[in-house]
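S.K.: The amino acid sequence is not available; the structure is as follows:
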């Protein structure tokens with residue numbers, strides 16, 4: 001379960017980068033010696049449909065709000081254990097938001113990887129996040 005948490009948080013960090021929000025779990029993940037890009041953990045890049053991209057854009061915006069909410073809590077935590085607890089709480093909230101938008105965590109992570117690797121796809125997600133129609 002911990003491996004999927006870090007994979008998801010890596011995707012969350014990616015999506016918050018789209019919105020310019022600071023990364024939440026960066027400091028909390030590193031003290032345990034976990035690399036954010038471990039071999040075998042990254043989901044395979046996918047070719048998402050417009051509907052999946054819209055769901056991804058929606059979930060990404062909501063995740064950005066969670067990051068904004070939990071970043072000060074992570075920063076205020078005094079111990080690594082306390083930081084980890086806050087990160088786990090944020091992670092659970094982000095998982096709920098992704099599922100509420102009709103995606104699995106695996107789909108979300110796969111789309112996130114595809115968006116990271118494809119500048120045109122990234123621009124489509126940004127446009128969707130800003131309410132612009134997706135070019136066809």
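M.R.: That came in fine, so what should we check first? These numbers were taken from a predicted model, which means no experiment stands behind them.
S.K.: secondary structure element for residue 91?
M.R.: helix 80-100 (DSSP states H and E).
S.K.: Report the rounded mean pLDDT for the very next helix or strand once past that helix.
M.R.: Per DSSP H and E, the first helix or strand lying C-terminal to helix 80-100 is helix 105-117. Per-residue pLDDT over helix 105-117 has a mean of 91.
S.K.: Could you quantify the relative orientation of whichever helix or strand comes after helix 105-117 and helix 105-117 as an angle?
M.R.: Counting by DSSP H and E, the next helix or strand C-terminal to helix 105-117 is helix 119-129. Taking axes from the mean of the first three to the mean of the last three C-alpha atoms, to 10 degrees, one finds helix 119-129 and helix 105-117 inclined to each other by 120 degrees.
S.K.: Now do the buried residues in helix 119-129.
M.R.: By 16 or more other C-beta atoms under 10 Å, the buried positions in helix 119-129 come out as 121, 122, 124, 125, 128, 129. C-beta here means a position set from N, CA and C on the backbone, and glycine is covered the same way.
S.K.: can you redo those residues as JSON lines with distance to residue 90?
M.R.: JSON lines is the format used below for those (distance: C-beta to C-beta, whole Å):
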{"residue": "121", "distance to residue 90": "26"}
{"residue": "122", "distance to residue 90": "24"}
{"residue": "124", "distance to residue 90": "27"}
{"residue": "125", "distance to residue 90": "21"}
{"residue": "128", "distance to residue 90": "24"}
{"residue": "129", "distance to residue 90": "20"}
